[in-house]
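Colleague: structure of the sequence below:
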Amino acid sequence: MKSVWQKLHKIGAILHLPDMPNWVVGILALVLILRIPSFFEPYYYGDEMVYLTLGQGIHQGLTLYKDIHDNKPPLLYFTAAIAGNLFWFKVILAFWSFATIFIFYKLSERLFAGRVNAQKISTLIFALLTTLPLLEGNIANAELFMIGPSILAILLLLSDKLNIKKVFMAGILFGFATLFKVPAAFDLPVIIIFWLITKNLRSNWKEIIKNSFVLTAGFALPIILTFVWYFSKGALSEYIRAAFLQNIGYLSSFRPGDIQKPFLVRNGPLLIRAAVVAVSFIILYVFRRKLSRNLILFSVWTFLALFAITLSERPYPHYFIQAVAPVSFLLTMLFSEKSIEQSLSIIPLTVAFLVPVVYKFYYYPTTSYYTRFIEFATQKIDKKTYFSMFSANTNRNYEIAEFLVNSSLPSDKVFMWDSDSAAVYALSRRLPPIKYVVPYHVYDYSSTAIVAKEIEKDLPKFIILTSGNPYPELTGLIRSKYLLVREIGNASIYSEINLASGR
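Modeller: Prediction:
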């Protein structure tokens with residue numbers, strides 16, 4: 001075992017990696033082992049497929065939001081573009097995760113100075129919760145990318161010698177995180193509220209205002225730069241609408257029946273949650289002299305993260321990743337403190353664990369994820385069987401993509417009307433003739449009738465329809481200009497009749 005550690009440290013020295021304790025290296029090694037199955041996952045997870053499809057659009061020179069659409073800020077799509085395929089997307093995620101865990105360890109080292117056991121507990125909890133499938137730690141979602149910059153920002157802001165440069169850089173990091181996903185913006189006020197609660201306002205109000213202004217300016221800088229970029233591309237309005245304004249409507253989109261109700265009724269649950277968070281801050285302020293700075297920081301961070309997580313009231317487990325850092329610290333206090341704060345930590349932890357219960361978060365089995373990979377790796381099951389365990393349509397999608405690759409050019413357009421359309425686009429590296437890549441984009445931001453007219457103006461080489469997903473507005477077009485050439489599973493593939501020569 002000693003020789004293994006020595007080899008790892010030699011590799012770290014060669015790569016100029018920062019020195020770290022053996023136990024941190026051990027946690028990173030464990031994370032690498034736990035992530036190995038993710039490198040062999042098929043193209044199946046809807047969000048990843050959308051990211052890769054938009055990444056392919058970037059490769060083909062399309063402008064995000066104007067030519068191809070999704071409703072997140074741009075950094076995740078550019079990351080997918082750099083990756084190029086699912087395997088490298090997962091590899092990038094793994095290395096990003098290693099860096100995030102190391103940054104979290106450094107933060108734990110600062111917050112639990114001299115308490116190595118507390119550092120070990122918190123870092124291990126954080127590493128597991130951001131890696132295991134329970135919270136979709138194996139999926140390249142925005143939350144796993146955005147928490148690293150936010151944690152690094154908080155680490156900078158907790159420096160012993162805080163200066164304007166560090167505050168401004170921390171703001172830039174918060175802005176960078178927000179360009180992965182907008183809810184990351186709720187990490188910025190964590191430190192401002194922490195200052196307001198823990199500092200003497202009479203003697204420090206000028207410093208708090210100055211630092212808050214500099215922090216906000218740093219936060220705004222990368223976002224403003226993206227505005228300038230998309231303005232130069234003639235897509236500023238589309239960018240603001242898709243990445244920011246459409247997310248406002250997203251807040252109530254999981255309660256579509258409430259859209260027509262009055263503002264206060266429709267947003268009542270959101271306002272109640274905001275009031276609960278505000279009251280929690282008031283309580284922390286009132287009892288600030290009896291509480292440690294750590295407990296105040298972890299509580300403020302947890303409550304703001306939970307507020308961000310529940311904005312849309314959607315039950316997706318990867319949302320909870322945003323709260324994993326402060327929850328890991330609170331769990332560490334619960335397991336390692338021998339004071340009244342061990343009991344007090346239960347209060348924010350109870351709220352945190354109630355959120356997935358109240359909002360009925362989905363969860364993904366962890367044990368079966370690894371056992372089926374072991375069966376695949378040991379050749380107890382073949383590739384098709386393994387792929388079918390992720391989604392019933394996975395193998396069908398691979399067959400459709402193979403047909404498209406063999407029957408079309410990379411520049412040819414393909415339109416597929418199915419919930420798995422993005423998987424086929426990503427696998428085949430073919431793009432639709434419209435800006436929307438999945439049906440819910442059409443339902444949320446356009447209509448089937450409008451899209452049908454757009455398709456008529458820019459005919460794709462292939463139209464793919466699946467049983468159970470009718471598209472009556474395309475019936476006339478298909479009858480007059482397309483021919484059924486292949487059926488794969490429940491998918492019917494229609495080819496344009498008047499093909500240009502050489503196609």
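Colleague: beyond the biggest helix by length in the chain, next helix or strand please.
Modeller: Secondary structure assigned by DSSP state H gives helix 201-232 as the longest helix of the chain. On the C-terminal side of helix 201-232, the nearest following helix or strand under DSSP states H and E is helix 236-240.
Colleague: what packs against that next one?
Modeller: Applying 3 or more Cβ pairs under 8 Å, 6 or more residues apart in numbering; DSSP states H and E, we find helix 236-240 packed against helix 201-232. Backbone N, C-alpha and C define where each C-beta goes, glycine included.
Colleague: which parts of the helix it packs on are buried?
Modeller: 211-212, 214-216, 218-220, 222-223, 226, 230 (16 or more other Cβ atoms under 10 Å).
Colleague: how distant is it from the center of its chain?
Modeller: Mean-position distance between helix 201-232 and its chain equals 24 Å (Cα atoms, centre = their mean, to the nearest Å).
Colleague: other SSEs contacting that helix?
Modeller: Secondary elements touching helix 201-232 (3+ Cβ pairs under 8 Å, 6+ apart): helix 164-178, helix 188-198, helix 236-240.
Colleague: relative to helix 201-232, how tilted is the first one?
Modeller: What it means is helix 164-178. Helix 164-178 runs at 50 degrees relative to helix 201-232, counting by axes from the mean of the first three to the mean of the last three Cα atoms, to 10 degrees.
Colleague: then the second one?
Modeller: What separates the directions of helix 188-198 and helix 201-232 is an angle of 170 degrees, with the same axes, to 10 degrees.
Colleague: ok, residues contacting helix 188-198?
Modeller: 153-154, 157, 170-171, 174, 204, 208, 211-212, 215-216, 219, 281, 284-285, 288, 293, 296-297, 300-301, 304 (Cβ atoms under 8 Å, 6 or more residues apart in numbering).
Colleague: looks like Phe40 contacts Phe373 (just checking).
Modeller: Yes: using Cβ atoms under 8 Å as the test, Phe40 is close enough to Phe373 to be in contact (6.8 Å).
Colleague: which one of those two has more residues nearby?
Modeller: Phe373 (18 against 15; other Cβ atoms under 10 Å).
Colleague: what helix or strand is the more buried one located in?
Modeller: Assigned by DSSP H and E, Phe373 falls within helix 367-377.
Colleague: what about dumping the CA coordinates of that helix to PDB?
Modeller: Presented in PDB, the C-alpha positions along helix 367-377 are these (Å, rounded to 0.1, in the frame of the first residue of the first chain):
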ATOM      1  CA  THR A 367     -26.500  -0.800  -6.000                       C
ATOM      2  CA  SER A 368     -28.200  -2.000  -9.200                       C
ATOM      3  CA  TYR A 369     -26.200   0.600 -11.200                       C
ATOM      4  CA  TYR A 370     -22.900  -1.000 -10.100                       C
ATOM      5  CA  THR A 371     -24.000  -4.600 -10.100                       C
ATOM      6  CA  ARG A 372     -25.300  -4.500 -13.700                       C
ATOM      7  CA  PHE A 373     -22.000  -2.900 -14.800                       C
ATOM      8  CA  ILE A 374     -20.100  -5.700 -13.100                       C
ATOM      9  CA  GLU A 375     -22.200  -8.200 -15.000                       C
ATOM     10  CA  PHE A 376     -21.400  -6.400 -18.200                       C
ATOM     11  CA  ALA A 377     -17.700  -6.100 -17.500                       C
END
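Colleague: so which elements touch that helix?
Modeller: Packing contacts for helix 367-377, counted by 3+ Cβ pairs under 8 Å, 6+ apart, involve helix 383-388.
Colleague: so which bits of the helix it packs on are buried?
Modeller: 386-388.
Colleague: packing partners for the helix or strand following that helix?
Modeller: Going down the chain from helix 383-388, the next helix or strand is helix 394-407, by DSSP H and E. Helix 394-407 sits against helix 383-388, helix 421-428, strand 462-466, strand 482-488, strand 491-496, with contacts defined as 3+ Cβ pairs under 8 Å, 6+ apart.
Colleague: quick one: strands adjacent to the last one?
Modeller: Strand 491-496 has the following sheet partners, assigned by DSSP bridges: strand 462-466 (antiparallel), strand 482-488 (antiparallel).
Colleague: please identify which of those is closest to Gly476.
Modeller: strand 482-488 (10.5 Å; Cβ to Cβ).
Colleague: let me have the buried residues of helix 201-232 in CSV, extended by distance to Ile240.
Modeller: Formatted as CSV, the buried residues of helix 201-232 follow (distance: Cβ to Cβ, whole Å):
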residue, distance to Ile240
Asn211, 28
Ser212, 25
Val214, 25
Leu215, 23
Thr216, 19
Gly218, 21
Phe219, 17
Ala220, 14
Pro222, 15
Ile223, 10
Thr226, 10
Tyr230, 8
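Colleague: lowest average confidence, helix or strand, in the chain?
Modeller: Least confident helix or strand, the chain: helix 2-14 with a mean of 52, by mean pLDDT, DSSP states H and E.
Colleague: ok, and what's touching the next helix or strand after that one?
Modeller: As assigned by DSSP H and E, the chain's next helix or strand after helix 2-14 is helix 22-35. Identification of contacts with helix 22-35 by Cβ under 8 Å, 6+ apart yields 5, 8-9, 12, 90, 93-94, 97-98, 101-102, 105, 120, 123-124, 127-128, 131-132, 138.
Colleague: hmm, 7 Å instead?
Modeller: Contact with helix 22-35 is made by 5, 8, 94, 97-98, 101-102, 105, 120, 123-124, 127, 131-132, 138, as judged by Cβ atoms under 7 Å, 6 or more residues apart in numbering.
Colleague: what angle separates it from helix 367-377?
Modeller: Using the same axes, to 10 degrees: helix 22-35 against helix 367-377 is 70 degrees.
Colleague: avg pLDDT for stretch 469-476?
Modeller: Taken as a whole, stretch 469-476 has an average pLDDT of 94.
Colleague: list the buried residues of it.
Modeller: By neighbour count with 16+ other Cβ under 10 Å, stretch 469-476 contains the buried residues 469, 471, 473-474.
Colleague: straight-line length of it, end to end?
Modeller: 16 Å (Cα to Cα, to the nearest Å).
Colleague: then stretch 34-42?
Modeller: This stretch, stretch 34-42, spans 17 Å end to end (Cα to Cα).
Colleague: return the set of buried residues in it.
Modeller: Buried, per 16+ other Cβ under 10 Å, within stretch 34-42: 34-35, 37-38, 41-42.
Colleague: got a list of contacts for the helix holding Phe373?
Modeller: By Cβ under 7 Å, 6+ apart, helix 367-377 touches 37, 40, 133, 381, 386, 389.
Colleague: follow-up on the earlier one: which of the contacts of helix 22-35 are buried?
Modeller: Buried residues within the contacts of helix 22-35, defined by neighbour count using 16+ other Cβ under 10 Å: 8, 94, 97-98, 101-102, 105, 120, 123-124, 127, 131-132, 138.
Colleague: how far away is the nearest residue to Ile381 once chain neighbours are set aside from Met49?
Modeller: Using Cβ to Cβ, 6 or more residues apart in numbering and skipping residues adjacent in sequence, the residue nearest Ile381 is Glu375, 4.9 Å away. Per Cβ to Cβ, to the nearest Å, Glu375 is found 25 Å from Met49.
Colleague: and Ile121, what helix or strand is that in?
Modeller: helix 116-129.
Colleague: and that helix, what does it pack onto?
Modeller: In terms of contacts (3 or more Cβ pairs under 7 Å, 6 or more residues apart in numbering; DSSP states H and E), helix 116-129 is packed against helix 22-35, helix 86-111, helix 324-336.
Colleague: tell me which of the ones you listed lies nearest to Thr366.
Modeller: helix 22-35 (9.5 Å).
Colleague: check which helices and strands the helix or strand following that closest one sits against.
Modeller: Counting by DSSP H and E, the next helix or strand C-terminal to helix 22-35 is helix 46-59. Helix 46-59 makes packing contacts with helix 75-83, helix 86-111, helix 421-428 when contacts are defined by 3+ Cβ pairs under 7 Å, 6+ apart.
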